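>>> Generate coordinates for the sequence data below:
(chains A and B)
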There are 2 protein chains.
Amino acid sequence: MKRVFITGTGMTRFGELWRENVESLVQIAAGEALEEAECLIRDIDYLVVGNMLLQQLEQRALVGALVGESLGFAGPSIHIEAACASGGLAVRQGVMAIRSSMAKRVLVVGVEKMTDVPGSEISRALMAAGGEDEQWAGTTFPALYALMMKAYMRQYEVTIKEVAAEAVKNHEKGKLHPLAQFRKEITVEDVLASGLVADPIRQLMCAPISDGAAAIVLESEGDNRKIEIAGSGQGGDSLSLGKRKTFYTLPATKIAVAQALKEANLCIDKVDVAEVHDCFSIAQLMALKDLGLSEKTVVNTSGGLKSCGHPVGATGVKQAVEVARQLAGECGKRQVTEAKWGLTHNVGGTGAAAVVHILRRHNEN
Amino acid sequence: MKRVFITGTGMTRFGELWRENVESLVQIAAGEALEEAECLIRDIDYLVVGNMLLQQLEQRALVGALVGESLGFAGPSIHIEAACASGGLAVRQGVMAIRSSMAKRVLVVGVEKMTDVPGSEISRALMAAGGEDEQWAGTTFPALYALMMKAYMRQYEVTIKEVAAEAVKNHEKGKLHPLAQFRKEITVEDVLASGLVADPIRQLMCAPISDGAAAIVLESEGDNRKIEIAGSGQGGDSLSLGKRKTFYTLPATKIAVAQALKEANLCIDKVDVAEVHDCFSIAQLMALKDLGLSEKTVVNTSGGLKSCGHPVGATGVKQAVEVARQLAGECGKRQVTEAKWGLTHNVGGTGAAAVVHILRRHNEN
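Numbering: from 1, shown residues only, chains lettered A, B, ... in the order given. Now for the predicted structure:
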């Protein structure tokens, strides 16, 4: 099986980017990634695009070719839709393309432009990733994660302050990330005083609505291969929460991490840095437990979805960008020392899809 | 590189299937494919779903998990959107999954439910796959293909009767296909007397709006491997027709077929049966020329998109089903004798994406 290396990374600032559109966002992110990989768009032989909402909100299809056209790329492309896991699964498709020898140099781009429509419309649009029963019942994702939060707090005797502390930690990190949407510290008191969204979830426990794009270049052979995707895993589950046995764990995460670790021949304790899917603060607590991350692992140096922002289709790709940059020692004030192994964890819906990648730094080529 | 075999095929009837929904359609098609592959849904380790419109028309996302839930499958899944090439690219993703060793037994399902909304809404929805300039100009796909038809007729001195004859041929074949939408013969006069849609395209030169699903099971190792996917190719191009040098050829098709033939180590003259993408009759003429098919190749035994129907996401998978069944000698009245090599050709938009597969029958295992 061919080995897969990340040879270029790029991302835009995440946030309310009124002056940018999908085209300009992907141009920034892909341009950076290509430059770092020391190649041109014509050197790419496969383009993978992770995006959830363009088709739903703007009636744009053939999204692979659409993003390709923005980049001056007319080669083969594919569009992956998996709600909030679109980006992570796009990375996995890129890995698959290299491993299958069907592509030699893959550009993976994740993008979402969410702030051009009212927040209420976005909430409804995101609910497309829920079960039909959940849609009919009028639930929203905050409501579904609120059920999970209650179950988790009861199961593990966790207090609401402990949940709130996850948001606080992510803002501490995001403050140091120049591309993050919210670069300010918050306190547990701030979180608990913020508006109630769906009891017990409060506003500052929720990832924001964001615009942004992220990109990586994947290659197999050649020189200067430092950051490897050493393992890739994907788990699935029912679309509807109501069809699960319990609400306090995501079985898809457990499947995905076990598979990724096995491929990388790694023990989870060895992971130095991890980007985990904190669409809500409770999701971060669940992820830490389901992944089995040790205390020493530094989590969400990007600020996570909460502080860095959550442009849905971009998030999974941004996680790979952040971890690759941490392993390469390029993260400035938020740099973790001596990081060798990294992990990314991206979730779709309430856990109907989860994807985990293990990244590794090689000192010698 | 691992070899890829089709071990099971299934499809629903194509047409206006008022009593079926997406869930029941995929259950029928996947059920058949699994039965033929002599396995159960729990034996599948990867599900690939080709679908264009569920998200756009019905606000349903995470379509991989959605279809999975309909099938009682909670494993890893992926949703591919590439407009009318969604099905063909789903097949290619299945091939990629096997070749990469990331899956052992893949279920590829293509599905579309189009007749629940008014035709005018479908036309607008399909136009999502056009270029932004084309959308703003108010063009439709018939209008864009009309430009291509005019250019082709002028370039190759083809008459409108010759274009109409392609529709007639497909209805002759479709009449013999029990699952086809339109099982009646038509004449060139019928075609030319039918309503003008976009000059010079007439109604009977257009594929219909359809409901339907198709499915295949892909495997690598094991017994009873008779039908192989021996080659897979994908080409891309600009989204907008206006950015092409000429209108009478689809470069994406040429790239895709060259790649697929090279993988299969085959000369195009050897192809016995082919399913080509005739969203409009002119598209069939263009496909025959771009693919370079010889006179001896029997084309669109299923009836093609014109007579068999065109449930967008299902079409590319149905092409693989039809060719696999031809090679296996299972096509009853429409069976082509002694077919050993087959080809499928699926196009997205006006040729922004094209995918070609070469199928081969093995007499011995």
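
>>> Name the SS class of the closest residue to residue A:250 other than its chain neighbours, please.
The shortest distance from residue A:250 to any non-neighbouring residue, by CB to CB, 6 or more residues apart in numbering or on different chains, is to residue A:351 (3.7 Å). (Glycine included, C-beta is placed from N, CA and C.) Three-state call for residue A:351 (DSSP: H, G, I helix; E, B strand; the rest coil): coil.

>>> neighbours around residue A:351, how many?
When neighbours are counted by other CB atoms under 10 Å in any protein chain shown, residue A:351 registers 28.

>>> Now the phi/psi pair for it, please.
When read as degrees, to the nearest 10, the backbone of residue A:351 gives phi 110, psi 20.

>>> What lies in contact with stretch A:141-160?
Stretch A:141-160 is contacted from outside by A:123, A:126-127, A:129-130, A:134, A:163, A:192, A:197-201, A:206, A:241, A:246-248, A:279-280, A:282-283, A:285-286, A:289, A:350, using CB atoms under 8 Å, 6 or more residues apart in numbering or on different chains.

>>> Which of these fall within helices?
Of the contacts of stretch A:141-160, the ones assigned to helices by DSSP state H are A:123, A:126, A:134, A:163, A:192, A:282, A:283, A:285, A:286, A:289.

>>> Might one say that the third one is in contact with residue A:243?
Right, residue A:134. No. Look at residue A:134 against residue A:243 with CB atoms under 8 Å: they stay out of range, at 10.3 Å.

>>> what about the two, which has more around it?
residue A:134 (21 against 13).

>>> Tell me what residue A:345 is bridged to.
residue A:356 (DSSP bridges).

>>> quick one: contacts for the residue nearest to residue A:250?
Contacts of residue A:351 by CB under 8 Å, 6+ apart are A:237, A:244, A:250, A:251, A:252, A:253.

>>> want to throw those into CSV with distance to residue B:212?
As requested, those are exported to CSV (distance: CB to CB, whole Å):
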residue, distance to residue B:212
A:237, 28
A:244, 32
A:250, 34
A:251, 33
A:252, 30
A:253, 35
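
>>> tell me which of these is nearest to chain B?
residue A:237 (5.2 Å; CB to the nearest CB).

>>> tell me the contacts of the closest residue to residue A:111 other than its chain neighbours?
The spatial neighbour of residue A:111 that comes closest, neighbours along the chain excluded (CB to CB, 6+ apart), is residue A:213 at 4.0 Å. The neighbours of residue A:213, taking CB under 8 Å, 6+ apart as the test, are A:11-12, A:22, A:25-26, A:28-30, A:109-112, A:311, A:314.

>>> Of these - the most surrounded one?
residue A:110 (38 neighbours).

>>> Walk me through which strands whichever helix or strand that one is part of pairs with, and which way each runs.
Assigned by DSSP states H and E, residue A:110 belongs to strand A:105-113. Strand A:105-113 has its sheet partners listed here by DSSP bridges as strand A:46-50 (parallel), strand A:211-219 (antiparallel).

>>> per-residue confidence for residue A:364?
Looking at residue A:364, its pLDDT is 59.

>>> Only the buried residues of stretch A:228-242, if you could.
Residues A:228-241 are the ones in stretch A:228-242 that count as buried (16 or more other CB atoms under 10 Å in any protein chain shown).

>>> Those: which two are farthest apart?
A:228 and A:240 (36.8 Å; CB to CB).

>>> Surely residue A:96 is within a helix?
Yes. Under three-state DSSP, residue A:96 sits within a helix.

>>> phi, psi of the nearest residue to it once chain neighbours are set aside?
Spatial nearest neighbour of residue A:96, chain neighbours left out: residue B:100 (4.6 Å); criterion: CB to CB, 6+ apart. Phi and psi for residue B:100, reported as degrees, to the nearest 10, are phi -80, psi 0.

>>> residue contacts, residue B:100?
Contacts of residue B:100 (CB under 8 Å, 6+ apart): A:1, A:95, A:96, A:97, A:99, A:100.

>>> could I get those as CSV with distance to residue B:45?
Shown next, in CSV, are the contacts of residue B:100 (distance: CB to CB, whole Å):
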residue, distance to residue B:45
A:1, 16
A:95, 16
A:96, 13
A:97, 18
A:99, 15
A:100, 16
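
>>> How about the contacts made by the residue of the stretch 201-350 of chain A found nearest chain B?
Taking CB to the nearest CB as the measure, the stretch 201-350 of chain A has residue A:234 as its residue closest to chain B, at 3.9 Å. Residues in contact with residue A:234, defined by CB under 8 Å, 6+ apart, are A:89, A:92, A:255, A:256, A:259, A:353, A:354, A:355, A:356, B:76.

>>> So it belongs to a strand, correct?
Yes. The assignment for residue A:234 by three-state DSSP puts it in a strand.

>>> Local confidence estimate at the residue nearest to it when sequence neighbours are not counted?
Residue nearest to residue A:234 in three dimensions, not counting chain neighbours: residue B:76, with 3.9 Å by CB to CB, 6+ apart. As predicted, residue B:76 sits at a pLDDT of 98.

>>> Was I right to think residue B:76 contacts residue B:44?
No. Counting by CB under 8 Å, residue B:76 stays clear of residue B:44, with 9.8 Å between them.

>>> More neighbours: which of the two?
residue B:76 (30 against 25).

>>> Contact partners for that one?
Neighbours of residue B:76 in contact, by CB under 8 Å, 6+ apart: A:234, A:235, A:236, A:255, A:353, B:45, B:46, B:47.

>>> For the nearest residue to residue A:134 once chain neighbours are set aside, give me its contacts.
What sits nearest to residue A:134 in space, not counting adjacent residues and going by CB to CB, 6+ apart, is residue A:240, at 5.7 Å. Applying CB under 8 Å, 6+ apart, we find residue A:240 in contact with A:130, A:131, A:132, A:133, A:134, B:69.

>>> Residue A:43: how many residues sit nearby?
Counted with other CB under 10 Å, residue A:43 comes out at 14.

>>> show me what contacts the closest residue to it other than its chain neighbours?
Among residues not flanking residue A:43 along the chain, residue A:105 sits closest, at 5.8 Å (CB to CB, 6+ apart). Contact analysis of residue A:105 by CB under 8 Å, 6+ apart lists A:37, A:39, A:43, A:44, A:45, A:46, A:217, A:218, A:219.

>>> Quick one, grab the pLDDT at residue A:105.
At residue A:105, pLDDT is 97.

>>> Show me the beta-bridge partners of it.
residue A:219.

>>> Is chain B within reach of the helix or strand bottoming out on mean pLDDT in chain A?
Sorting the helices and strands of chain A by mean pLDDT, DSSP states H and E puts helix A:119-126 at the bottom, at a mean of 89. Yes. Using CB under 8 Å from any CB of the partner chain, a contact is recorded between helix A:119-126 and chain B, made by A:124, A:125.

>>> residues making contact with that helix?
With CB under 8 Å, 6+ apart as the criterion, helix A:119-126 contacts A:53, A:56, A:57, A:83, A:84, A:114, A:117, A:140, A:141, A:209, A:312, B:59.

>>> could you list every residue that touches the residue sitting nearest the centre point of chain A?
Closest to where the C-alpha atoms of chain A average out (CA atoms, centre = their mean) is residue A:316, at 2.6 Å. Taking CB under 8 Å, 6+ apart, we find residue A:316 in contact with A:50, A:84-91, A:110, A:344, A:346, A:355.

>>> what inclination does the helix or strand hosting it have with respect to strand A:46-50?
Following DSSP H and E, one finds residue A:316 within helix A:312-328. Here the directions of helix A:312-328 and strand A:46-50 differ by 120 degrees (axes from the mean of the first three to the mean of the last three CA atoms, to 10 degrees).
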